[in-house]
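*Asks:* starting from these lines, generate the structure:
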Amino acid sequence: MLSVFKSIPTHMDYKGQKLAEQIFQGVILVSAVIGFIYGLIIEQFGWTVYIMLVGFTVSCLLTLPPWPMYRRNPLTWHPAMREPSTESREKPQENLKKKKHK
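*Replies:* Numbers count the residues shown, from 1 in each chain. The predicted structure follows:
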């Protein structure tokens, strides 16, 4: 049962996050303009609020889940580098002691 939930992706890449933000702002802006104009025409502020709420809901449904269009550019990480052995490295305090002050 839990394996079904583990198979659901939970991430977006950086370009996907930018796209989601642009879609969110665009839908909110369009719904605000439409709501304002419609509310002004019928002289009911309540309809402006309703249209804004519908726009907010639509934008949330479009941008909150990590849809496949937001995961098209995954990051490729470099392989991990080995750390140099501790014997070949000197401690920073020893480096300071070796330098002579004039």
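*Asks:* which ones are touching the spatially most central residue of the chain?
*Replies:* Centrality entry for the chain: nearest residue to the mean C-alpha point is residue 17, 4.0 Å, by Cα atoms, centre = their mean. For residue 17, the set of contacting residues under the criterion of Cβ atoms under 8 Å, 6 or more residues apart in numbering consists of residue 70. Backbone N, C-alpha and C define where each C-beta goes, glycine included.
*Asks:* repeat the analysis, applying 10 Å as the threshold.
*Replies:* With Cβ atoms under 10 Å, 6 or more residues apart in numbering as the criterion, the residues that contact residue 17 are 11, 63, 66, 70.
*Asks:* excluding its backbone neighbours, what's nearest the second one?
*Replies:* When you say that, I think you mean residue 63. Closest residue to residue 63 in three dimensions, ignoring its sequence neighbours and counting by Cβ to Cβ, 6 or more residues apart in numbering: residue 20, at 4.1 Å.
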